[in-house]
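Enquirer: Everything below, folded, please.
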Amino acid sequence: MAYFLKQSHLKGRTYLSIVESFYSPEKHGSAHRTYKSLASVETWKKKGIDDPVAHFQKEVDELNAAHKIKKELQISDESPEVYLGYFPYASLLKCMDIKKYVDYLNNSNSFTFDLYELLSTLIFARLVNPCSKRKTFHEVLPKLHQSVHYSYDQLLSGLGYIGNDYGKFIEIFNEQLDMVYKKETDKTYFDCTNFYFEIDKQDDFRRKGPSKESRKDPIVGMGLLLDANQIPIGMKMFPGNQSEKPIMRDVVNDLRNTYQINGRTIHVADKGLNCADNIAFAKENGDGYLFSKSVKMLPETEQTWVTMDSDDWEEVRDKEGHLVYKYKSCIDQFPYNITIDENTGKKKILMFKEKRVLTYNPKLAAKKKYEIEKQAEKARELCYSQAKRSEFGDLGKYVDFINEKGGKAKAKINQEAIDKERKLAGYNLLVTSETKMSEREIYETYHNLWRIEESFKIMKSDLDARPVFLQKESTIKGHFLICYLSVLLERLLQFKVFNKEFSTYEIMKFTREFRLVKGESKYINITTSSRFIKEFAKLSKLPLTNYYLTERQIKQILNYKI
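Expert: The predicted model follows:
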């Protein structure tokens with residue numbers, strides 16, 4: 001960019017003006033605009049300036065010198081960095097027409113800000129650079145290519161609104177998801193986790209309970225439901241001191257009532273949610289179940305079946321001939337102690353016909369035996385040091401405490417308990433109502449649960465869902481809704497758009513790293529090349545791998561339709 005003095009001749013007079021030259025993206029070259037209009041040379045001479053051309057040339061020289069100093073020595077008040085990795089998620093929101101239905105809520109509540117803009121940009125910010133809401137507002141949102149039109153106070157107000165009724169937003173996304181991609185609820189996967197808060201005092205929502213990280217801080221719980229394709233379709237938040245087991249029934253009931261789901265669904269969950277009441281719930285609804293069951297908790301007769309050598313085992317080996325796992329199964333009637341009166345706790349034993357598939361995984365066995373040895377060694381060290389009973393904690397299962405005279409308890413290693421755990425290492429029992437389902441299908445279906453664990457991992461690690469720097473229950477729920485919707489969009493991109501060709505790591509790496517730096521006339525792409533970005537560029541026909549990008553090309557990227 002530069003300035004020059006322009007002379008124009010009209011009707012015998014010479015007119016002066018200072019003109020600025022600049023780069024025009026539309027023309028792909030230089031263009032000019034009038035910076036300052038001056039009168040004619042004759043007019044300035046009448047005002048006492050003998051040489052107007054030389055006089056105003058000095059002003060032009062000063063402007064050019066000032067611009068050079070500004071360009072070379074001064075930095076901008078705004079960061080030149082631009083986040084653009086959110087554009088596929090923006091395309092998914094457009095594809096599902098989410099704005100239309102969020103706008104109905106916006107119009108009925110007379111907000112002074114755009115609720116959809118707030119919701120979508122908070123999702124984009126969480127995906128590209130997760131951090132506290134204050135830092136998000138002041139440091140991340142300004143780096144999105146689109147500017148936002150709400151204040152920090154409006155951000156917190158809107159977050160509280162969506163948190164107060166987070167189920168309504170999940171319903172909107174589910175309905176539109178079903179229109180575009182079709183949910184599959186013939187199998188549903190369910191699991192729970194919790195999130196800790198680094199606060200001393202509990203409240204009605206953040207309560208002390210069994211933390212997944214074994215922390216003593218107050219926690220809140222989350223139940224997550226996935227469809228057969230491992231796409232999130234339900235979330236339930238609950239106080240940290242509540243049991244996880246009834247939450248599964250609440251979420252499934254909510255979804256049934258909302259979407260009038262009448263078909264048969266198989267509920268898949270790990271052993272933490274395997275209880276008689278959840279099994280009875282599935283049966284009452286005409287559904288099926290597939291849970292794992294701890295072999296250590298089985299009656300002695302069933303444990304004998306677990307460890308006995310027989311010809312019933314079927315082996316599954318890899319291409320090199322190595323044993324991956326082996327299995328055997330049986331079908332029988334099994335007793336369950338069902339609660340028939342919640343108020344009195346009255347129970348009744350019912351018999352359910354089910355298929356049980358026992359699996360043995362040699363790698364899991366080796367890992368488990370190693371963990372048992374480490375724990376047993378710690379227990380021995382505590383015994384040698386005559387530690388107090390309270391210091392053993394979970395290691396107490398490997399120790400017998402013998403009361404001596406004076407009431408002091410002496411610890412002695414229970415080798416029988418250690419040997420029993422070693423003997424059962426590597427075994428896992430799957431129980432299901434689906435007696436006609438093959439053993440391999442049962443195994444594969446259950447092991448898809450790792451996807452829900454990965455969804456929690458995305459929330460906790462990639463999206464930094466914790467720690468949470470919010471105090472009100474409504475804004476906390478709003479925060480977790482943003483995390484849930486971010487996971488949902490990532491899963492849609494991974495499973496539906498890219499058909500599981502790329503890992504979560506590859507997709508999230510692109511989302512974080514696809515950034516530009518704004519230059520004087522163009523943008524510089526500072527993204528590291530990767531297999532994902534090359535393949536995405538081919539698929540989308542977008543200039544994602546270009547080093548320089550123009551404003552027109554950026555608009556092309558942001559307007560990309562999935």
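
Enquirer: The closest residue to Y83 other than its chain neighbours and L118, how far apart?
Expert: The shortest distance from Y83 to any non-neighbouring residue, by C-beta to C-beta, 6 or more residues apart in numbering, is to V128 (4.4 Å). For glycine as for every other residue, the C-beta is placed from the backbone atoms N, C-alpha and C. Applying C-beta to C-beta, to the nearest Å, the value for V128 to L118 is 16 Å.

Enquirer: again with I233
Expert: In this view, I233 and L118 are 24 Å apart by C-beta to C-beta.

Enquirer: measure the residue nearest to Y83 to T528 for me?
Expert: 15 Å.

Enquirer: before we move on, what about S486?
Expert: Distance of S486 to T528, given as C-beta to C-beta: 22 Å.

Enquirer: Tell me how many other residues crowd N559.
Expert: Counted with other C-beta atoms under 10 Å, the neighbours of N559 add up to 11.

Enquirer: Can you pull the phi and psi angles for it?
Expert: With angles defined as degrees, to the nearest 10, N559 sits at phi -90, psi 10.

Enquirer: re earlier: compare neighbour counts for S486 and T528 and give me the winner.
Expert: Neighbours per residue (other C-beta under 10 Å) separate S486 from T528, with S486 holding more: 25 against 9.

Enquirer: element containing the more buried one?
Expert: Using DSSP states H and E, S486 sits within helix 473-491.

Enquirer: quick one: that helix to chain centroid distance?
Expert: Centroid separation for helix 473-491 versus its chain: 8 Å, with C-alpha atoms, centre = their mean, to the nearest Å.

Enquirer: cool, and stretch 494-510?
Expert: Between the centre of stretch 494-510 and the centre of its chain there are 13 Å (C-alpha atoms, centre = their mean).

Enquirer: what's the answer for stretch 467-484, then?
Expert: Remark: stretch 467-484 is offset 13 Å from the chain centroid, using C-alpha atoms, centre = their mean.

Enquirer: for the stretch 51-200 of the chain, which spans come out with low pLDDT?
Expert: Low-confidence segments of the stretch 51-200 of the chain (pLDDT under 70): 70-78.

Enquirer: For it, which segments are assigned as strands?
Expert: Using DSSP state E, counting those that start in this stretch, the strands found in the stretch 51-200 of the chain span residues 81-83, 187-196.

Enquirer: How far off centre is the shortest one?
Expert: Put simply, strand 81-83 sits 21 Å off its chain's centre (C-alpha atoms, centre = their mean).

Enquirer: what packs against it?
Expert: Applying 3 or more C-beta pairs under 8 Å, 6 or more residues apart in numbering; DSSP states H and E, we find strand 81-83 packed against strand 515-518.

Enquirer: got the buried residues for the strand it packs on?
Expert: Residues 515-516, 518 are the ones in strand 515-518 that count as buried (16 or more other C-beta atoms under 10 Å).

Enquirer: related to what we said a few turns ago, switch the strands of the stretch 51-200 of the chain over to JSON lines; also include mean neighbour count and distance to Y23.
Expert: Listed next are the strands of the stretch 51-200 of the chain as JSON lines, based on neighbours: other C-beta atoms under 10 Å; distance: least, C-beta to C-beta, whole Å:
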{"stretch": "strand 81-83", "mean neighbour count": "18", "distance to Y23": "18"}
{"stretch": "strand 187-196", "mean neighbour count": "23", "distance to Y23": "49"}
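
Enquirer: how about CSV for those, with distance to V41 added?
Expert: Shown next, in CSV, are the strands of the stretch 51-200 of the chain (distance: least, C-beta to C-beta, whole Å):
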stretch, distance to V41
strand 81-83, 46
strand 187-196, 75
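
Enquirer: quick revisit: now do the helix holding S486 and strand 187-196, the angle between them.
Expert: 130 degrees (axes from the mean of the first three to the mean of the last three C-alpha atoms, to 10 degrees).

Enquirer: which other residues reach stretch 389-398?
Expert: Applying C-beta atoms under 8 Å, 6 or more residues apart in numbering, the contact partners of stretch 389-398 are 375-376, 378-379, 382, 399, 401, 409, 411, 413-414, 417-418.

Enquirer: Show me those that map onto helices.
Expert: Using DSSP state H, the subset of the contacts of stretch 389-398 located in helices is 375-376, 378-379, 382, 417-418.

Enquirer: Most neighbours out of those, which is it?
Expert: Using other C-beta under 10 Å as the neighbour criterion, A379 leads these with 23 neighbours.

Enquirer: Quick check: what element follows the top strand by length along the chain along the chain?
Expert: For the chain, the longest strand by residue count, based on DSSP state E, is strand 323-341. Proceeding C-terminally, strand 323-341 gives way to strand 346-360 as the next helix or strand, assigned by DSSP H and E.

Enquirer: So which bits of stretch 42-58 are buried?
Expert: Buried residues in stretch 42-58, counted by 16+ other C-beta under 10 Å: 44, 52, 56.

Enquirer: Including distance to V82, could those go into JSON lines?
Expert: Below are the buried residues of stretch 42-58 laid out as JSON lines (distance: C-beta to C-beta, whole Å):
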{"residue": "W44", "distance to V82": "45"}
{"residue": "P52", "distance to V82": "44"}
{"residue": "F56", "distance to V82": "38"}
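
Enquirer: So which of those residues are in helices?
Expert: Under the assignment DSSP H, those contribute 44, 52, 56 to helices.

Enquirer: okay, and for this protein, where does confidence drop off?
Expert: If you take pLDDT under 70 as the line, the chain has these spans: 1, 25, 28, 70-78, 259-262, 404-408.

Enquirer: any idea how it splits into domains?
Expert: Residue ranges for the domains of the chain, per automatic domain parsing: 2-73, 365-424.

Enquirer: Dump those to CSV, plus distance to K538.
Expert: Listed next are these as CSV, based on distance: least, C-beta to C-beta, whole Å:
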stretch, distance to K538
domain 2-73, 25
domain 365-424, 40
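
Enquirer: And the ones you listed: which comes nearest K353?
Expert: Comparing those by their distance to K353 (C-beta to C-beta), the top pick is domain 365-424, with 25.6 Å.

Enquirer: Quick check: V180 touching L93?
Expert: No. At 11.0 Å, V180 does not count as touching L93 under the criterion of C-beta atoms under 8 Å.

Enquirer: So between the two, which is more surrounded?
Expert: With neighbours defined as other C-beta under 10 Å, V180 and L93 compare such that L93 has more, 22 against 13.

Enquirer: how much space between the residue nearest to that one when sequence neighbours are not counted and L92?
Expert: Counting by C-beta to C-beta, 6+ apart, S120 is the residue found nearest to L93 once chain neighbours are left out, at 5.9 Å. Going from S120 to L92 by C-beta to C-beta gives 11 Å.
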